[in-house]
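[1] quick one, what's the 3D model for this:
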Amino acid sequence: MKKNVVEIAKEYFPNATKKELYFIIWEETGYPTFFAPKEGETAEDVFRQQLIKYKNSIEINKGE
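    Numbers count the residues shown, from 1 in each chain. Here you go, the predicted model:
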């Protein structure tokens, strides 16, 4: 069974509310159309990469 984008985002932000997850999905990633998978990648791979990039940016900014 494939996971939907909310379930995937929840993997990276387990404590986020549904409202926060929707914000992350719609405002901090290229979902639903701005994906440019490289050869051998899927749109899900790119989505996960974008979630990781956003999560890392939050972690970096926590210390400021």
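[2] list the helices and strands the longest helix seen in the chain packs on?
    Scanning the chain for the helix with the most residues, using DSSP state H, yields helix 43-62. Packing partners of helix 43-62 (3 or more Cβ pairs under 8 Å, 6 or more residues apart in numbering; DSSP states H and E): helix 5-12, helix 18-28. (Each C-beta comes from the backbone N, C-alpha and C, glycine too.)
[3] now do the buried residues in the longest one.
    Of the residues in helix 18-28, those buried under the neighbour-count criterion (16 or more other Cβ atoms under 10 Å) are Leu21, Ile24, Ile25, Glu28.
[4] do stretch 26-45 as well
    So for stretch 26-45, counting by 16+ other Cβ under 10 Å, buried means Glu28, Thr29, Tyr31, Phe35.
[5] I'd guessed the second one sits against Gln49; true?
    No. Distance between Thr29 and Gln49: 9.2 Å, which falls outside the contact criterion (Cβ atoms under 8 Å).
[6] distance to Glu11 added to the buried residues of stretch 26-45, as JSON lines?
    JSON lines is the format used below for the buried residues of stretch 26-45 (distance: Cβ to Cβ, whole Å):
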{"residue": "Glu28", "distance to Glu11": "15"}
{"residue": "Thr29", "distance to Glu11": "13"}
{"residue": "Tyr31", "distance to Glu11": "15"}
{"residue": "Phe35", "distance to Glu11": "18"}
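[7] pLDDT check: weakest of those?
    Here the lowest pLDDT out of the buried residues of stretch 26-45 sits on Phe35, with 74.
[8] so that residue is in contact with Ala43, correct?
    Yes. With contact defined as Cβ under 8 Å, Phe35 counts as touching Ala43 (4.5 Å).
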